[in-house]
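In: can you look at this prediction? I've put the sequence above it.
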Amino acid sequence: MVPPLVLDIDGTLTAPTGGIDPRAIETLREWDAPVVVATGKAFPYPVALCHFANVPERVIAENGGVVYADDAVTVTVDDAERPRVAARAFVDRGGDLGWGAEDTVNRWRETEVAVHRDADEALLGAVAAEFGLEVVDTGYAYHLKTPGVEKGDGLRSVAATLGLDSADFVAVGDSENDVSTFAAAGRSFAVANADDRALAAADTVTEESYMDGTLEALATVA
Ligand SMILES: O=C(O)COP(=O)(O)O
Ligand SMILES: [Mg+2]
């Protein structure tokens, strides 16, 4: 029996040049146990990934802000408006979210705001502190989010919905927003391209990077 998986997207299921590695779709389809996609991206993105892979939609989105499994959506953030208000304050003070006029990165985001990594980090940090929020750097975006909302709690919630324990899961990830997942899962892998916090938190660091690293991790638990 293979274990259930909890997989990050960016840096973990992607190619070094960006974009989903096609082998990620095969992995989602062929893994013979539940697979949960746990990401900082807005809720529709992992849902779409599962939809187009044609697998059950088991999703932790927005760094744990939105959790979805077995036809039940849970929004875990009490004051989901606050990050949006803070983002407006950031823009009013000259900051730029950095995604262009239509901003499809945040358009369907329900509980936090993502900011381009070219943005003014000092200003973003100051605004976050003023609003009682935090900034998490995934290597792909800054996330202006509610402290204490984490992918790891999302995993506990999805696991319970599926009648499992979070410790049954094997986690693979690449950045500081995966540290809580690593703690909740029974076994954790950081891919070689991971940031320092993820590298330090994982049980095992793979030799290979990105999807090659993820496949290396999965080969050891299959
Ligand atoms: O959206 C991001 O910034 C990172 O997404 P990830 O959690 O799937 O790596
Ligand atoms: Mg990632």
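Out: Now that the structure is in, tell me what you want to look at. Ligands and ions are numbered 1, 2, ... in the order given.
In: in the protein, which spans are helices?
Out: 22-30, 44-53, 81-92, 121-130, 151-161, 179-184, 196-201, 210-221 (DSSP state H).
In: out of those, nearest to ligand 2?
Out: Closest to ligand 2 of the helices of the chain is helix 196-201 (C-beta to the ion; 8.3 Å). To be clear about C-beta, it is placed using only N, CA and C from the backbone, and glycine gets the same treatment.
In: identify all contacting residues around that closest one.
Out: Helix 196-201 has contacts (C-beta atoms under 8 Å, 6 or more residues apart in numbering) with 173-176, 178-179, 182-183, 188, 190, 205.
In: related to what we said a few turns ago, could the helices of the chain go into CSV alongside mean pLDDT?
Out: Output for the helices of the chain, formatted as CSV (pLDDT from 0 to 100):
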stretch, mean pLDDT
helix 22-30, 97
helix 44-53, 98
helix 81-92, 98
helix 121-130, 98
helix 151-161, 97
helix 179-184, 98
helix 196-201, 98
helix 210-221, 98
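In: now the ones you listed as a markdown table including distance to ligand 1 and mean neighbour count?
Out: Below are the helices of the chain laid out as a markdown table (distance: least, C-beta to the nearest ligand atom, whole Å; neighbours: other C-beta atoms under 10 Å):
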| stretch | distance to ligand 1 | mean neighbour count |
| --- | --- | --- |
| helix 22-30 | 11 | 15 |
| helix 44-53 | 8 | 17 |
| helix 81-92 | 14 | 17 |
| helix 121-130 | 14 | 16 |
| helix 151-161 | 8 | 22 |
| helix 179-184 | 9 | 23 |
| helix 196-201 | 10 | 17 |
| helix 210-221 | 11 | 19 |
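In: and these as CSV, adding distance to Val136?
Out: What follows is the helices of the chain, written out as CSV (distance: least, C-beta to C-beta, whole Å):
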stretch, distance to Val136
helix 22-30, 23
helix 44-53, 17
helix 81-92, 12
helix 121-130, 10
helix 151-161, 10
helix 179-184, 10
helix 196-201, 10
helix 210-221, 20
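In: got CSV for those helices, with distance to ligand 2 too?
Out: Below are those laid out as CSV (distance: least, C-beta to the ion, whole Å):
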stretch, distance to ligand 2
helix 22-30, 12
helix 44-53, 12
helix 81-92, 19
helix 121-130, 19
helix 151-161, 10
helix 179-184, 10
helix 196-201, 8
helix 210-221, 10
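In: excluding chain neighbours, give the residue nearest to the residue most central in space within the chain in space.
Out: Closest to where the C-alpha atoms of the chain average out (C-alpha atoms, centre = their mean) is Thr39, at 1.9 Å. Once flanking residues are discounted, Thr39 sits nearest to Ile9: 4.4 Å by C-beta to C-beta, 6 or more residues apart in numbering.
In: I figured that neighbour was touching Ala42, is that so?
Out: No - applying C-beta atoms under 8 Å as the test, Ile9 and Ala42 come out as separate, 11.4 Å apart.
In: distance of Gly11 from Ser188?
Out: Per C-beta to C-beta, to the nearest Å, Gly11 is found 15 Å from Ser188.
In: more crowded one of the two?
Out: Taking other C-beta atoms under 10 Å, Gly11 and Ser188 do not tie; Gly11 has more neighbours (27 against 24).
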